[in-house]
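In: sequence first, then the predicted structure, then my questions.
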Amino acid sequence: MIDQALLDRVQKQAWFHKYPRGWPFLLFVIASITTAVSVMAIERADRQTRRVELDRNLTEIASALERRVTENIALLRAGGALFASQQDVSEDQFRAFAEDLQGKGNLYGSLGMGWAPLVPVDHLSELEVAIQGSRDPDWLVHPRPGVRQEYATPIVYLEPQDPVNRMATAYDMFSDPTRRAAMERAMALGKPVASGKVQLVQDIQKPGTAGFLIYMPIVVGGSGHRQVKGFVFSPFRAEQFLASASELYRNDQIDVAVYDGSVAPENLLAERQADGLTGPTMERRIDVGSHVWVVAISDRKVGLLSTASRITLFFGALTSLMVMAIGRFITRRAAEDRRVLEWLQGQAAIRNSLTRELNHRVKNTLANVLSIAALTRRRATDIDDFTDSLTARIRALSATHDLLSQSDWRHAALGDVVRSELAPYMEGSERHVEMSGPDIKLAPNDAMSLGLAIHELATNAAKYGALTRAEGRIHVRWSIVSPELAVVHWREEGGPVVRAPAKRGFGRDLIEKIVAHELKAEVELAFLPTGVECRLKVPVRSSREFALRSERR
């Protein structure tokens with residue numbers, strides 16, 4: 001009996017059997033989607049964290065820039081106090097003062113400290129003559145003031161006096177619109193003001209080098225009559241200034257760009273770029289000496305995904321493959337269980353059919369034995385003859401199965417099948433049966449089906465037909481009608497008058513249904529008054545394994 005627990009378990013897993021490859025793939029897709037969602041969540045959290053960190057870095061960088069500006073403004077205020085407290089400041093005094101404040105002049109990212117008096121244009125020649133007579137006979141203001149220019153601010157002192165700064169000596173800063181706007185604003189506000197983006201005179205041979213200046217106006221006179229004496233200033237290369245400010249913040253794995261006024265390529269003052277992929281960008285406006293700068297920073301990361309995302313993706317992919325492999329194993333196991341169940345069900349059906357067939361065969365065999373005994377008794381001359389004949393015919397009754405067993409279920413000759421089934425009725429009196437036909441090899445299934453049909457026809461003849469009388473005859477002829485089909489013709493004569501049975505028996509069902517189904521052909525069975533006739537179409541095909549034996553050997 002089939003294990004009911006196994007049956008219930010396999011039936012519940014029937015969907016594994018229907019989709020043996022689809023379900024593992026679905027599990028893989030689900031696990032992959034879960035991994036992808038996890039990676040997306042990690043990346044979203046990482047982006048939020050990085051934006052918070054980026055905002056903190058932006059605050060830190062903006063503070064560093066403002067601090068550097070404040071430090072330079074403090075130096076300029078100290079220099080402004082010197083010029084405000086003295087009528088005249090000599091070059092030596094200014095040099096000593098600048099060295100005390102700035103050392104070698106590169107403190108806090110500046111190129112040094114300078115002094116430029118605010119001189120009316122009509123007094124400019126007097127200034128040139130005075131400086132030529134005191135320290136530099138070649139000193140001349142350049143470029144010459146324009147026609148509409150009212151004032152000039154030539155650079156008189158610029159420390160340290162290195163070759164670069166000497167190039168700027170005597171330069172009239174008031175002639176440049178950007179510098180002039182910053183100085184005018186400083187005079188209006190009375191405090192230090194940073195200029196816009198300019199190219200320093202020191203970098204005249206380096207086109208494209210951005211710079212800026214911070215001007216501290218020197219105001220003299222009382223409250224009733226105040227005037228600007230000149231400007232203490234510091235020139236800056238923007239790149240050096242940004243590098244100096246970078247010493248004040250920690251994260252150097254970010255891009256930093258500083259723009260004058262607004263974010264545009266032409267307004268770029270300085271930038272620093274880090275290695276890696278560009279991330280999110282943040283901007284902030286800062287006040288630099290009453291002038292607006294825009295600081296833009298971009299985060300940098302090593303790869304497309306964060307470390308946590310890469311780890312999650314790796315183990316997620318590994319888990320997805322493991323889930324798919326486990327799912328595949330489960331579905332294969334379920335499919336195997338399903339096949340085992342189907343085989344057990346098939347074996348149960350075969351066992352039931354064999355049980356019915358056995359019961360029917362036993363009854364037929366008993367009827368055959370009685371018929372054979374009666375025929376033998378009528379033809380026997382003495383008791384010994386009767387015993388020998390009866391024994392021989394009973395032994396011949398099992399010839400059909402012996403025939404198939406001896407051929408190891410590979411094939412069987414059609415004539416041998418017919419002869420083995422009719423052997424009990426031919427023993428000692430072959431005149432009751434006439435057989436003829438060519439040599440035809442049948443596949444085991446077809447031979448078995450034909451044997452069942454001949455057995456039923458012979459049994460019926462022995463019970464009710466031609467074999468019930470001494471003068472009865474059975475004619476069996478077979479022939480090939482096509483390369484793949486043979487016809488077996490069974491005909492009885494000399495027996496009692498035949499009448500069609502009132503109800504169908506197992507033997508008739510066996511021939512017309514089971515045998516016809518196995519042979520894949522219709523069976524013509526006719527109950528004629530002169531005797532039963534049957535025409536069987538038997539496939540002539542290559543040998544194949546017998547299903548009942550080979551399904552689970």
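Out: Thanks, I have the structure now. Only a predicted model underlies this, so the values are computations on that prediction, with no experimental measurement involved.

In: how far away is residue 346 from residue 125?
Out: Note on residue 346: its distance to residue 125, by C-beta to C-beta, to the nearest Å, is 124 Å. Where you see a C-beta, it was placed from the backbone N, CA and C, and this is true even at glycine.

In: and the next helix or strand past the strand or helix carrying residue 49?
Out: According to DSSP states H and E, residue 49 maps onto helix 22-85. Next helix or strand after helix 22-85 toward the C-terminus (DSSP H and E): helix 91-102.

In: can you list contacts of that following helix?
Out: By C-beta atoms under 8 Å, 6 or more residues apart in numbering, the surrounding residues in contact with helix 91-102 are 75, 78-79, 82, 89, 105, 107, 110, 112-113, 115, 135, 157, 159-161.

In: do the same with stretch 257-276
Out: So stretch 257-276 is contacted by 65, 196-197, 210, 212, 238-239, 241-243, 246, 252-256, 283, 291-297, 300-302 (C-beta under 8 Å, 6+ apart).

In: now with 6 Å?
Out: 196-197, 210, 238-239, 242, 253-256, 292-296, 300-302 (C-beta atoms under 6 Å, 6 or more residues apart in numbering).

In: how about it: buried residues?
Out: Of the residues in stretch 257-276, 257-260, 267-270, 272 count as buried by neighbour count, 16 or more other C-beta atoms under 10 Å.

In: go on, stretch 448-465?
Out: 448-462, 464-465.

In: what's the answer for stretch 487-500, then?
Out: Those would be 487-488, 490-495, 498, for stretch 487-500 by 16+ other C-beta under 10 Å.

In: show me the residues you listed that map onto strands.
Out: 487-488, 490-493 (DSSP state E).

In: closest to residue 234 out of the residues you listed?
Out: Residue 234 has its nearest neighbour among these in residue 487, at 120.9 Å by C-beta to C-beta.

In: quick one: buried ones out of the contacts of stretch 257-276?
Out: Applying 16+ other C-beta under 10 Å to these flags 196-197, 210, 238-239, 242, 254-256, 293-296, 300-301 as buried.

In: strands - which of those residues land there?
Out: 254-256, 293-296, 300-301.

In: among those residues, which two are most distant?
Out: 293 and 301 (26.3 Å).

In: chain center to the lengthiest helix in the chain: distance?
Out: Secondary structure of the chain read by DSSP state H shows that its longest helix is helix 307-379. With C-alpha atoms, centre = their mean, to the nearest Å as the basis, helix 307-379 stands 38 Å off its chain's centre.

In: any idea of the angle it forms with helix 22-85?
Out: Per axes from the mean of the first three to the mean of the last three C-alpha atoms, to 10 degrees, the angle that helix 307-379 makes with helix 22-85 is 180 degrees.

In: which strands or helices does helix 307-379 pack on?
Out: Applying 3 or more C-beta pairs under 6 Å, 6 or more residues apart in numbering; DSSP states H and E, we find helix 307-379 packed against helix 4-12, helix 14-18, helix 22-85, helix 383-396, helix 444-463.

In: save the ones you listed as JSON lines, and put in distance to residue 331 and mean pLDDT too.
Out: Shown next, in JSON lines, are those (distance: least, C-beta to C-beta, whole Å; pLDDT from 0 to 100):
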{"stretch": "helix 4-12", "distance to residue 331": "12", "mean pLDDT": "55"}
{"stretch": "helix 14-18", "distance to residue 331": "4", "mean pLDDT": "56"}
{"stretch": "helix 22-85", "distance to residue 331": "6", "mean pLDDT": "86"}
{"stretch": "helix 383-396", "distance to residue 331": "54", "mean pLDDT": "67"}
{"stretch": "helix 444-463", "distance to residue 331": "33", "mean pLDDT": "81"}
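
In: among those helices, which comes closest to residue 279?
Out: That would be helix 22-85 among the helices and strands packed on helix 307-379, by C-beta to C-beta, at 6.6 Å.

In: show me what the closest one is packed up against.
Out: By 3+ C-beta pairs under 6 Å, 6+ apart, helix 22-85 packs against strand 211-220, strand 227-237, helix 238-245, strand 277-287, strand 292-301, helix 307-379.

In: 7 Å - rerun?
Out: Where contact means 3 or more C-beta pairs under 7 Å, 6 or more residues apart in numbering; DSSP states H and E, helix 22-85 is packed against helix 91-102, strand 113-117, strand 211-220, strand 227-237, helix 238-245, strand 277-287, strand 292-301, helix 307-379.

In: residue 205 - how many residues pack around it?
Out: The tally of other residues near residue 205 (other C-beta atoms under 10 Å) stands at 7.

In: which SS class is it?
Out: Following DSSP: H, G, I helix; E, B strand; the rest coil, the label given to residue 205 is coil.

In: now swap in the one 3 residues further on and tell me
Out: Put simply, residue 208 is coil when judged by three-state DSSP.

In: mind pulling up the pLDDT for it?
Out: We have a pLDDT of 84 for residue 208.

In: which one is it nearest to, not counting chain neighbours?
Out: residue 199 (7.8 Å; C-beta to C-beta, 6 or more residues apart in numbering).

In: next, that neighbour: phi, psi?
Out: Per-residue torsions, residue 199: phi -100, psi 120 (degrees, to the nearest 10).

In: neighbours of it, just the number please.
Out: 15.

In: same thing with the one 10 residues further on?
Out: A count of neighbours around residue 209, defined by other C-beta under 10 Å, yields 15.

In: ok so, going back, next, the angle from the longest helix of the chain to helix 444-463.
Out: Going by the same axes, to 10 degrees, helix 307-379 makes 30 degrees with helix 444-463.

In: all strands for the stretch 401-550 of the chain, in order.
Out: Applying DSSP state E, counting those that start in this stretch to the stretch 401-550 of the chain gives strands spanning 412-413, 433-436, 441-442, 473-482, 485-493, 523-528, 531-539.

In: redo these as JSON lines? Include mean pLDDT.
Out: Supplementary listing: the strands of the stretch 401-550 of the chain in JSON lines, determined by pLDDT from 0 to 100:
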{"stretch": "strand 412-413", "mean pLDDT": "82"}
{"stretch": "strand 433-436", "mean pLDDT": "90"}
{"stretch": "strand 441-442", "mean pLDDT": "84"}
{"stretch": "strand 473-482", "mean pLDDT": "92"}
{"stretch": "strand 485-493", "mean pLDDT": "93"}
{"stretch": "strand 523-528", "mean pLDDT": "89"}
{"stretch": "strand 531-539", "mean pLDDT": "91"}
